[in-house]
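A.B. asks: structure of the sequence below:
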Amino acid sequence: MAFATAADGAALYYEVHGAGGPPLLLLSGQSNSHRWWDAVRGGFETAFTTIVMDYRGTGSSDRPDTDTYSTPGFAQDALAVLDHAGIGRAHVYGTSMGGRVAQWLAARHPGRVGRLVLGCTSPGAPHGIERSAEVRRALAQPDAEAARRVLLDLMYTPAHTARHPGPFHTLGDPSMPGHARRRHLRASAAHDAWDALPGISAPTLVVHGSDDRFNPTANAPLLAGRIPGARLHLVPGGRHAYFEEFADQATPLVRDFLLEGDG
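C.D. replies: Numbering: from 1, shown residues only. Coordinates of the predicted model:
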């Protein structure tokens, strides 16, 4: 457990775990802390040294109410964490907004990224596929509990939630102040890495749930087709949190891909 310092002085909380293998930076989704990875991080720690962090505005990191929230900015924050941890080069696995952040890391700092995994993410507007108006309306309804049930259904299949009543760490950091939550939303919505994607040189795997309506599955082939040499894998039946519900498939898939570069 430690704190790095961002370029603007913000304190960034992070943790390092694992048995001393190659470093793997895990980047979580929008408005979520490092706890996004709690259910699956252990599956990587036998092979990697994992680094998880709280974005500014989440968890134990600072929560400035300033215009410093953006996906390129989050990428710079992640570099500050790696620098503080003494890690020059790491594999990177980003899911949802974390995948958007990871795109900037790989495109702008190729020497810092070994292999890259982009999960349930998109290139951003205007070239990405946005969620439907129906889904947007359901998430924006004034009844907070009803909106939470919609989000839960977008993340997991009913069979999974019937077996696992929670708590769920992928539904947003409940400790976030309103200003940080709004700034995260705007940062993710403003993401557009389309022009930068062809410049990514890291070996890349794109993973997506086949039934993802929160970040539509059609974004996966867009990303894979835009990044030179990228591979694409769809997890059958997976929704947005495929990496957790289908961890028995997704974790070995990602682990094996990352280890190709360390064998």
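A.B. asks: thought residue 69 was touching residue 56?
C.D. replies: Yes - Residue 69 is within contact range of residue 56, at 6.7 Å (criterion: CB atoms under 8 Å). Yep, even glycine has a C-beta here, placed from its N, CA and C like the rest.
A.B. asks: identify the contacts common to these two.
C.D. replies: residue 180 (CB atoms under 8 Å, 6 or more residues apart in numbering).
A.B. asks: between the two, which has more neighbouring residues?
C.D. replies: When neighbours are counted by other CB atoms under 10 Å, residue 56 comes out ahead of the other of residue 69 and residue 56, with 26 against 23.
A.B. asks: list phi and psi for the more buried one.
C.D. replies: Dihedral angles phi and psi of residue 56 (degrees, to the nearest 10) take the values phi -60, psi 140.
A.B. asks: for residue 4, name its beta-bridge partners.
C.D. replies: residue 12 (DSSP bridges).
A.B. asks: distance check, it against residue 26.
C.D. replies: 15 Å (CB to CB, to the nearest Å).
A.B. asks: which of these two has more residues huddled nearby?
C.D. replies: The neighbour comparison of residue 4 against residue 26 (other CB under 10 Å) goes to residue 26, with 26 against 20.
A.B. asks: direction included, what does the strand or helix carrying the more buried one pair up with?
C.D. replies: Using DSSP states H and E, residue 26 sits in strand 23-27. Sheet pairing of strand 23-27 (DSSP bridges) gives strand 49-53 (parallel), strand 90-95 (parallel).
A.B. asks: can you list the residues that contact it?
C.D. replies: Taking CB under 8 Å, 6+ apart as the rule, strand 23-27 contacts 18, 34, 37, 41, 44, 48-53, 74, 78, 81-82, 85, 87, 89-95, 98-99, 101-102, 258.
A.B. asks: ok now that strand, how far from the chain's centre?
C.D. replies: Distance, stretch centre to chain centre, for strand 23-27: 10 Å (CA atoms, centre = their mean, to the nearest Å).
A.B. asks: could you pull out the strands for the stretch 51-200 of the chain?
C.D. replies: With strands called from DSSP state E, counting those that start in this stretch, the stretch 51-200 of the chain shows them at 90-95, 113-119.
A.B. asks: redo those strands as CSV? Include mean neighbour count and mean pLDDT.
C.D. replies: Shown next, in CSV, are the strands of the stretch 51-200 of the chain (neighbours: other CB atoms under 10 Å; pLDDT from 0 to 100):
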stretch, mean neighbour count, mean pLDDT
strand 90-95, 28, 98
strand 113-119, 26, 98
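A.B. asks: how about these, which one is nearest residue 171?
C.D. replies: Nearest to residue 171 among the strands of the stretch 51-200 of the chain is strand 90-95; the distance by CB to CB comes to 14.0 Å.
A.B. asks: tell me the pLDDT at residue 262?
C.D. replies: We have a pLDDT of 64 for residue 262.
A.B. asks: out of the strands of the stretch 51-200 of the chain, nearest to residue 154?
C.D. replies: So among these, strand 90-95 is nearest, using CB to CB, at 13.9 Å.
A.B. asks: quick one: that closest one to strand 113-119, angle?
C.D. replies: Counting by axes from the mean of the first three to the mean of the last three CA atoms, to 10 degrees, strand 90-95 points 10 degrees away from the direction of strand 113-119.
A.B. asks: what about the stretch 151-263 of the chain, any weak spots by pLDDT?
C.D. replies: In the predicted model, the stretch 151-263 of the chain carries pLDDT under 70 at residues 262-263.
A.B. asks: can we see that at 90?
C.D. replies: Applying pLDDT under 90 to the stretch 151-263 of the chain picks out residues 165, 261-263.
A.B. asks: helices along this structure, start to end?
C.D. replies: Taking DSSP state H as the criterion, the chain carries its helices at 71-84, 97-108, 133-139, 144-155, 158-163, 178-189, 219-226, 242-245, 247-259.
A.B. asks: using CSV, please lay out the ones you listed together with mean neighbour count.
C.D. replies: Converted to CSV, these look like this (neighbours: other CB atoms under 10 Å):
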stretch, mean neighbour count
helix 71-84, 22
helix 97-108, 27
helix 133-139, 12
helix 144-155, 15
helix 158-163, 12
helix 178-189, 18
helix 219-226, 20
helix 242-245, 27
helix 247-259, 17
